[in-house]
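Undergrad: structure of the sequence below:
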Amino acid sequence: MRELIGRLESSSDPSAAALRVIDHFDRLVEERATAAAVVRAAAALAGCPAGLHDAERGVIRRFDPAGRRLPDTEDASTARAAVPGSIGVWVWLERPDAAAAGPLDSLLLERAARTVQALNRPDPRTPGALIRVACDPDAADSDRRNAVKDLGLTGPITVIVGTDPGANASLATTIGRYAIALATRAPDLPSGLRAGTATASEPAALPTAFERAATAFRLADRIDGPGASVVRYESLGATAALAERFTPPEAAGVPDVQRLDAALATHPWLVDTLQAALDQTSLRQAASSLHVHHSTLQERLAWLEARLGIALAQPGGRQRAAVALVLWRIAHSEDSQPPE
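TA: Residues are numbered from 1 along each chain as shown. Just a heads-up that it's a prediction; the model follows:
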C-alpha cells in the first residue's frame with residue numbers, strides 16, 4: 001500500500017494513477033478481502049479518514065489513513081457513494097470541506113463501493129473463502145458459524161498467521177499481507193515455520209484471534225534465530241500490549257531502538273546476543289546457543305553496556321533490554337525480510 005501511494009504521489013499522469021487505483025481494488029476482490037480492508041485502502045489512498053455504513057448488519061467502520069480504527073460514528077463527510085444493489089450501505093471520505101477534495105476522490109469512492117458490492121456476493125464454498133468469512137469481523141455470526149461447520153472445525157480453534165502457512169496446512173489462505181491457517185485445538189506445527197498463533201474458544205472469537213495471532217507474529221524471531229520463531233499470543237501477557245499499541249514507525253522512534261539500529265550497522269550480532277542473554281539462565285548457556293565462547297559473549301555484553309548503557313547484570317537493565325528488544329521487533333515487523 002505504501003508503495004502504491006508513493007507511485008500515485010509521484011505520478012504526473014492522472015490516467016496512470018487512476019489505473020493503479022482500479023487495479024488495487026480489483027486485487028482486493030480477487031483476494032476476497034474484508035469490508036474493513038476496503039475502507040482501510042480507501043483511507044490510505046485518499047489520505048483522509050474513510051468509513052462504511054451497513055444498515056442491514058448494523059455496523060459502521062471508520063479508519064484513518066494509517067489503518068487505525070476510529071470510533072464507530074458516522075462523522076461529517078463531504079462525499080459518499082452508495083453500494084449498488086444494497087439498501088442502506090454506503091462508503092464515504094471525510095474531508096474538512098469540498099475544496100479539500102482530491103482529484104481521485106470520486107474514483108476512489110466508486111471503486112470502493114463496487115468492491116464492497118462484489119465482496120458482499122455469496123462466496124464460493126472453497127476452504128479459502130470459508131476461512132475469510134470465519135475471520136471477517138464484519139461477517140454475520142450465522143455466516144461465520146456455518147463457515148466453521150463447513151470447514152469441519154469443532155471446539156477451540158487455533159489461528160496461525162505468518163508468511164507461509166506450512167506445507168502441511170490444508171485449511172490455509174491469504175488475508176492481506178498474511179498467510180493464515182486454521183487448526184483444531186493446539187496443532188503440532190511443522191519445523192521451519194515463522195508464525196504467530198492465537199486460540200479462539202468459539203467461532204465468534206475468530207476475528208479477534210486473527211488480530212492477536214498477527215500481533216504475536218510481529219514478535220517472532222527468524223527461523224534460525226535464538227528467539228522463538230513461533231509465538232503464542234496467550235504466552236505474551238503484558239508484552240502483547242506493546243505490540244498492540246505501538247505502530248512500527250512509533251517503535252522505530254524510541255531512542256533505545258534507534259541506538260540498537262545504529263549499533264547493528266557495525267555489530268550485526270547485537271540483537272541475537274541480547275536475545276540469548278535474556279532467554280538463557282546463564283552466560284554459558286547463552287554462549288552455547290550462539291555458538292560462541294563464553295569469554296566472547298562476556299566481551300560483547302561489556303561492549304553493549306558501554307555503548308548502549310544497558311547493564312544486563314542489573315534487574316533494571318534486563319527489563320530495559322527486554323522492552324527495547326520487543327520494540328525493535330515491532331519496528332521491523334513489516335520489513336520484507338525477517339529481522340537478522
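
Undergrad: gap between whichever helix or strand residue 330 is part of and the chain center?
TA: Taking DSSP states H and E as the definition, residue 330 sits inside helix 315-331. In terms of CA atoms, centre = their mean, to the nearest Å, the centre of helix 315-331 is found 21 Å from the chain centre.

Undergrad: which residues does it contact?
TA: Contact with helix 315-331 is made by 218-221, 239, 242-243, 246, 248-249, 251-252, 254, 256-257, 260-261, 271, 274-275, 277-278, 305, 310-312, 339, as judged by CB atoms under 8 Å, 6 or more residues apart in numbering. Every residue, glycine included, has its C-beta placed from N, CA and C.

Undergrad: buried subset of the residues you listed, written for ChimeraX?
TA: To isolate the buried ones among the contacts of helix 315-331 in ChimeraX, judged by 16 or more other CB atoms under 10 Å, type:
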select :218,219,220,221,239,242,243,246,248,251,252,254,256,257,260,271,274,275,277,278,305,310,311,312,339
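
Undergrad: filter the contacts of helix 315-331 down to the ones in helices?
TA: Among the contacts of helix 315-331, the members falling in helices (DSSP state H) are 239, 242-243, 248-249, 251-252, 256-257, 260-261, 271, 274-275, 277-278, 305.

Undergrad: all strands for the stretch 1-150 of the chain, in order.
TA: Along the stretch 1-150 of the chain, the segments classed as strands by DSSP state E, counting those that start in this stretch run 50-54, 59-63, 69-70, 79-82, 89-93.

Undergrad: ignore the last one, the stretch 151-300 of the chain
TA: According to DSSP E, counting those that start in this stretch, the stretch 151-300 of the chain carries its strands in the segments 157-162, 172-175, 178-184, 195-200, 230-232.

Undergrad: check those strands for me: which has the lowest mean pLDDT.
TA: The weakest mean pLDDT among the strands of the stretch 151-300 of the chain belongs to strand 172-175, with a mean of 80.

Undergrad: please save the CA atoms from it in PDB.
TA: In PDB, the C-alpha atoms belonging to strand 172-175 read as follows (Å, rounded to 0.1, in the frame of the first residue of the first chain):
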ATOM      1  CA  ALA A 172      -5.000 -22.100   4.700                       C
ATOM      2  CA  THR A 173      -5.400 -19.000   2.600                       C
ATOM      3  CA  THR A 174      -4.100 -15.400   2.500                       C
ATOM      4  CA  ILE A 175      -5.700 -12.300   4.000                       C
END
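
Undergrad: got the contact list for the residue nearest the centre of the chain?
TA: What sits nearest the mean C-alpha location of the chain, by CA atoms, centre = their mean, is residue 214, with 5.1 Å. Taking CB under 8 Å, 6+ apart, we find residue 214 in contact with 161, 178, 196.

Undergrad: now, which of these sits nearest residue 80?
TA: Using CB to CB, residue 178 comes nearest to residue 80 of these, at 30.0 Å.
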